[in-house]
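Engineer: here is a sequence together with a model predicted from it:
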Amino acid sequence: MSRIVTAQLQDEIVKELEEFMKVHGIDRSTAIRKLLEKSLDQWKIERGISEYMKGSTSLMKASEIAGLSLWEFIDE
């Protein structure tokens with residue numbers, strides 16, 4: 001299931017988004033979706049690492065937070 005979400009972006013971000021679209025030959029919606037997914041994936045990894053470093057979770061749970069296998073998470 002997908003939902004429509006709107007956001008206001010600064011002109012500089014729109015220019016960079018348009019460059020990304022041009023380089024990858026994709027439309028705006030696809031570009032935003034790809035960039036957001038990549039950013040959220042990175043955020044989950046950083047969150048897992050942070051929780052593990054604080055000692056508030058196990059290595060296995062941190063890898064689950066990150067959405068990675070234990071071995072993939074260790075490589076991060």
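Structural biologist: Sure thing, it's come through.
Engineer: helix, strand or coil for Arg3?
Structural biologist: State at Arg3, reduced to three classes by DSSP: H, G, I helix; E, B strand; the rest coil: coil.
Engineer: how many residues are close by it?
Structural biologist: 4 (other CB atoms under 10 Å). (Glycine included, C-beta is placed from N, CA and C.)
Engineer: swap in Arg28?
Structural biologist: 12.
Engineer: kindly report the same for Ala62.
Structural biologist: Burial of Ala62 is recorded as 23 neighbouring residues (other CB under 10 Å).
Engineer: mind listing what it touches?
Structural biologist: Gly48, Ile49, Glu51, Tyr52, Phe73 (CB atoms under 8 Å, 6 or more residues apart in numbering).
Engineer: please redo it, this time with the cut-off set to 6 Å
Structural biologist: Gly48, Glu51, Tyr52 (CB atoms under 6 Å, 6 or more residues apart in numbering).
Engineer: check which helices and strands the lowest-mean-pLDDT helix or strand in the chain sits against.
Structural biologist: Here the helix or strand of the chain ranked lowest by mean pLDDT, DSSP states H and E is helix 70-75, holding a mean of 94. With contacts taken as 3 or more CB pairs under 6 Å, 6 or more residues apart in numbering; DSSP states H and E, helix 70-75 sits against helix 59-66.
Engineer: how about the helix or strand containing Ile13 as PDB, C-alpha atoms only?
Structural biologist: Ile13 belongs to helix 11-24 when assigned by DSSP states H and E. The C-alpha coordinates for helix 11-24 follow below in PDB (Å, rounded to 0.1, in the frame of the first residue of the first chain):
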ATOM      1  CA  ASP A  11      15.200  25.600  -3.900                       C
ATOM      2  CA  GLU A  12      18.700  24.100  -3.500                       C
ATOM      3  CA  ILE A  13      17.400  20.700  -2.600                       C
ATOM      4  CA  VAL A  14      15.000  20.800  -5.600                       C
ATOM      5  CA  LYS A  15      18.000  21.600  -7.900                       C
ATOM      6  CA  GLU A  16      19.900  18.700  -6.500                       C
ATOM      7  CA  LEU A  17      16.900  16.500  -6.800                       C
ATOM      8  CA  GLU A  18      16.500  17.500 -10.500                       C
ATOM      9  CA  GLU A  19      20.200  16.700 -11.100                       C
ATOM     10  CA  PHE A  20      19.700  13.200  -9.500                       C
ATOM     11  CA  MET A  21      16.600  12.700 -11.700                       C
ATOM     12  CA  LYS A  22      18.600  13.700 -14.800                       C
ATOM     13  CA  VAL A  23      21.600  11.400 -14.000                       C
ATOM     14  CA  HIS A  24      19.400   8.400 -13.200                       C
END
